[in-house]
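In: heads up, no residue letters with this:
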């Protein structure tokens, strides 16, 4: 069903810093499914701090909904902090793997040129198949699918988005604040109000 | 607190802090004692047997109330928590025992009630194997708990329970579920004592107050000509009743309540202008759309309160005081957000207020009240019809209790009528299922309320439909000989749905015609005295008999079959489109 607000939707990347806790993935995922929002991609990984996990979640929504969800995620007990950003506020990448028949590509020189063009590289070359890897943004890795389809693309997989917030100065300082039982007024309140001090140029 | 020990004890005494080997089950009960738990509502079963075995030795220090269904345990724990401010505790077994908790957890979640549920679970090595009475309770309860955790090693028990109690009853309270596998319950481990939890780095129970926003809010209120305060349970949960009263009195601010905020401010307080929402009072609803500054205190703008959102208080600047940042701007856009515990924010705001009176504005509330009195209230409280009205029952009850009783309501017409007309002098006196609207809530919640406030009169007002949803808890009352009063307002219909069908579905009464057993005879089967009446002439004496009876008592009052609750904001309408008839 087309929603009136569809035109206001755009891609938002939500970054969630959490404790490393079993079941937390579910607790976060249901915040989206409860509002019938599809998660476009989801990645969990360690962060720069040992024991702190970092979720990177990509959804297509209006800012208002993203803000409300972010607050609702942030109030979960095992969640330390949530940020949401538009694409121009982050640097992001996805990794894609492509499996193609080796004989096809060795015969057709054009493929090599194409791969160079898309910044792909061969990870494995076997007699029967070759696996290429490409890192980039969605459109780039998508284009390579259509190109490789002509050469008998056997299998394709793409990772979730990983993203770095341009203006972020990392989580070390924040964590120190979280560990205080009486938090520093300035810093904590700025966070809640969504005022992020710009530390790096965007 | 020490008591003479009458049982053979397997446990150590809580004052003994030298490392001892105890079982996980004993550690659970030591945690209960350390957290000052005095009453546990529960039901035993296979996977929680080790804890119940240990409980046998703690019988002198922990009261366990055997309910008749685990849902009853959750509502009882809620009732207990709501009147005492303490955390309600529930024990249940795995599988069906755990799934029976879901309704109560959801109710406690949406009504911010502090509760800790302990469920037994199959042995850790059987997890995921579809073992007997295994259910994935952690994942089932995730959306309806503030926090949950599965324990598979007894060493974790003290710290996990400390976290559970801290989380349940700090910040915005809520239910916590701890699932403990059977092996952890029987496991012996080195117990080094219980340390209560006061800080979790990833959890901030309350945001720090920003002084400039207090000032901004005060400036708005000081400049307002028609300020209007709406308050919810946050005032009660924050134990800020006095601070709230000081606030509205200094600013001369008319204040209306949500049904969960009811009793935080005495009903007869001159600034108490009544109830908000779908079946609330006329003035508060209509004037929401005429005020110039709307000050929301510890409430979350539920849709039953706001009606149609895009026509809700659009003319007003909105000040929102709440402890939960996720509530700000969730439903109603805020002009100034005052984050924090209202126990702390209200005095700061009061200090920045100018002393004022808004007599003309207050008079407007009175005029609306008068109009509602003439069209609705007078007929409801003093009907000339042959049939009894629900309102007149509550009115006589008020006269007999002087507003001192705890009133526990179920869900439906009787709930709206009771909340509208019951009088309260002290806080924590109104217990109802507001957010979830759980039929079957009142009887078990009244049991819990009586345990939570043993010296107060507890009256559960229940409809004929809701009573049959948890009627089995009469067994709990029988066994505990608990002095709770059960007042059934029987209109021989599922009245609220019938009212909607009458008003909006052309009287197509689809499955609302409910037959009931002889409730008095059912009660008698449980050894509970009772009476059934349908004449106005019997009403006062019957209510007095119920109140004076030494022990539990069931009074069934037959009321008009097709009476409606008015005023009413029809669904999809603005609060100012409230109908008086």
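Out: Thanks, I have it. Keep in mind that what you see is a predicted model, and the values were worked out from it rather than measured.
In: from here on, contacts and neighbour counts on C-alpha atoms
Out: Noted.
In: alongside chain B, which residues does chain A contribute?
Out: Taking C-alpha under 8 Å from any C-alpha of the partner chain as the contact definition, chain A meets chain B at A:18-19, A:23, A:26-27, A:30, A:68, A:71-72, A:75-80, A:178-181, A:185, A:188-189, A:192.
In: next up, the contacts around residue A:6.
Out: A:61-62 (C-alpha atoms under 8 Å, 6 or more residues apart in numbering or on different chains).
In: then residue B:91?
Out: Applying C-alpha under 8 Å, 6+ apart, the residues contacting residue B:91 are B:40-44, B:117-119.
In: re the thing from before, out of the residues of chain A next to chain B, which sit inside strands?
Out: Of the residues of chain A next to chain B, the ones assigned to strands by DSSP state E are A:18-19, A:79-80.
In: how about residue B:252, nearest residue that isn't a chain neighbour?
Out: The spatial neighbour of residue B:252 that comes closest, neighbours along the chain excluded (C-alpha to C-alpha, 6 or more residues apart in numbering or on different chains), is residue B:357 at 4.5 Å.
In: contacting residues for the one you found?
Out: Taking C-alpha under 8 Å, 6+ apart, one finds B:251-253 in contact with residue B:357.
In: for residue 62, what are its contacts?
Out: No chain was given, so I picked chain A. A:5-6, A:8-10.
In: oops, I was thinking of chain B
Out: So residue B:62 contacts B:33, B:37-40, B:55 (C-alpha under 8 Å, 6+ apart).
In: please redo it, this time with the cut-off set to 7 Å
Out: Shown in contact with residue B:62 (C-alpha atoms under 7 Å, 6 or more residues apart in numbering or on different chains): B:38-39.
In: how close does it get to residue B:461?
Out: For residue B:62, the distance to residue B:461 (C-alpha to C-alpha, to the nearest Å) stands at 29 Å.
In: tally of neighbours for the closest residue to residue B:390 other than its chain neighbours?
Out: Nearest non-adjacent residue to residue B:390, counting by C-alpha to C-alpha, 6+ apart: residue B:559, 6.2 Å away. By the criterion of other C-alpha atoms under 10 Å in any protein chain shown, residue B:559 has 24 neighbours.
In: next: residue B:124.
Out: 16.
In: taking the stretch 301-450 of chain B, what residue is nearest to chain A?
Out: Using C-alpha to the nearest C-alpha, the closest approach of the stretch 301-450 of chain B to chain A is made by residue B:326 at 5.0 Å.
In: thinking that residue is in contact with residue A:72, fair?
Out: Yes: proximity of residue B:326 to residue A:72 meets the contact threshold set by C-alpha atoms under 7 Å, at 5.6 Å.
In: ok, back up a step: so which of the contacts of residue A:62 are in strands?
Out: When DSSP E defines the strands, the subset of the contacts of residue A:62 inside them is residue A:10.
In: which of the contacts of residue A:62 lies closest to chain B?
Out: Closest approach between those and chain B, by C-alpha to the nearest C-alpha: residue A:5, at 15.2 Å.
In: helix/strand/coil for residue B:22?
Out: Secondary structure, DSSP: H, G, I helix; E, B strand; the rest coil: residue B:22 is strand.
In: center of chain A - which residue?
Out: Nearest residue to the geometric centre of chain A (C-alpha atoms, centre = their mean): residue A:161, 2.8 Å.
In: quick check: phi and psi at that residue.
Out: Main-chain torsions, residue A:161, degrees, to the nearest 10: phi -70, psi 140.
In: that one and residue A:44 touch, don't they?
Out: No: using C-alpha under 7 Å, residue A:161 is not in contact with residue A:44, being 9.8 Å away.
In: give the residues shared as contacts by these two.
Out: Common neighbours of residue A:161 and residue A:44 (criterion: C-alpha under 7 Å, 6+ apart): residue A:56.
In: circling back: neighbour-wise, give me the winner out of the contacts of residue B:357.
Out: residue B:253 (26 neighbours).
In: which residue ranges form the helices in the stretch 401-550 of chain B?
Out: Taking DSSP state H, counting those that start in this stretch as the criterion, the stretch 401-550 of chain B carries its helices at B:413-421, B:442-452, B:464-467, B:474-480, B:495-504, B:519-525, B:536-548.
In: so which of these is the most surrounded?
Out: Comparing these by mean neighbour count (mean count of other C-alpha atoms under 10 Å in any protein chain shown), helix B:442-452 ranks first with a mean of 31.
In: which strands or helices does that one pack on?
Out: The contact analysis (3 or more C-alpha pairs under 7 Å, 6 or more residues apart in numbering or on different chains; DSSP states H and E) places helix B:442-452 against helix B:70-84, strand B:406-409, strand B:458-463, strand B:484-490.
In: could you check the angle the first one makes with helix B:442-452?
Out: To tie it back to what came earlier, the one meant is helix B:70-84. Interaxial angle of helix B:70-84 relative to helix B:442-452 (axes from the mean of the first three to the mean of the last three C-alpha atoms, to 10 degrees): 50 degrees.
In: helix B:70-84: how far from the chain's middle?
Out: In terms of C-alpha atoms, centre = their mean, to the nearest Å, the centre of helix B:70-84 is found 8 Å from the chain centre.
In: can you report how many residues lie near residue 45?
Out: No chain was given, so I picked chain A. A total of 13 residues lie near residue A:45 under the criterion other C-alpha under 10 Å.
In: other chain: chain B
Out: So residue B:45, with other C-alpha under 10 Å, has 19 neighbours.
In: equivalent analysis for residue B:505, please.
Out: Neighbours around residue B:505, by other C-alpha under 10 Å: 12.
In: how about residue A:107?
Out: By the criterion of other C-alpha under 10 Å, residue A:107 has 9 neighbours.
In: for it, give its distance to residue B:569.
Out: For residue A:107, the distance to residue B:569 (C-alpha to C-alpha) stands at 75 Å.
In: what of residue B:362?
Out: 22 Å.
In: closest residue of chain A to chain B?
Out: In chain A, the residue that lies nearest chain B is residue A:80 (4.5 Å; C-alpha to the nearest C-alpha).
In: leaving aside the residues next to it on the chain, what's closest to the residue in the stretch 201-350 of chain B positioned nearest to chain A?
Out: Chain A sits closest to residue B:202 of the stretch 201-350 of chain B, with a gap of 4.5 Å, by C-alpha to the nearest C-alpha. Using C-alpha to C-alpha, 6+ apart and skipping residues adjacent in sequence, the residue nearest residue B:202 is residue A:80, 4.5 Å away.
In: quick one: the one you found and residue A:17 touch, right?
Out: Yes: contact criterion C-alpha under 7 Å: residue A:80 and residue A:17 qualify, at 5.4 Å.
In: residues of chain B that sit close to chain A?
Out: By C-alpha under 7 Å from any C-alpha of the partner chain, the residues of chain B that approach chain A are B:142, B:147, B:199, B:201-203, B:208, B:326, B:330.
In: distance to residue B:440 and neighbour count added to those, as CSV?
Out: Output for these, formatted as CSV (distance: C-alpha to C-alpha, whole Å; neighbours: other C-alpha atoms under 10 Å in any protein chain shown):
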residue, distance to residue B:440, neighbour count
B:142, 23, 20
B:147, 25, 23
B:199, 36, 17
B:201, 38, 17
B:202, 36, 20
B:203, 34, 19
B:208, 39, 22
B:326, 30, 19
B:330, 30, 18
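In: out of the residues you listed, which one has the lowest pLDDT?
Out: Among these, residue B:208 has the lowest pLDDT, at 85.
In: just to be sure, it is in a strand?
Out: No: counting by three-state DSSP, residue B:208 is not found in a strand; it is coil.
In: so it touches residue B:342, yeah?
Out: No: applying C-alpha under 7 Å, one finds residue B:208 not in contact with residue B:342, separated by 11.4 Å.
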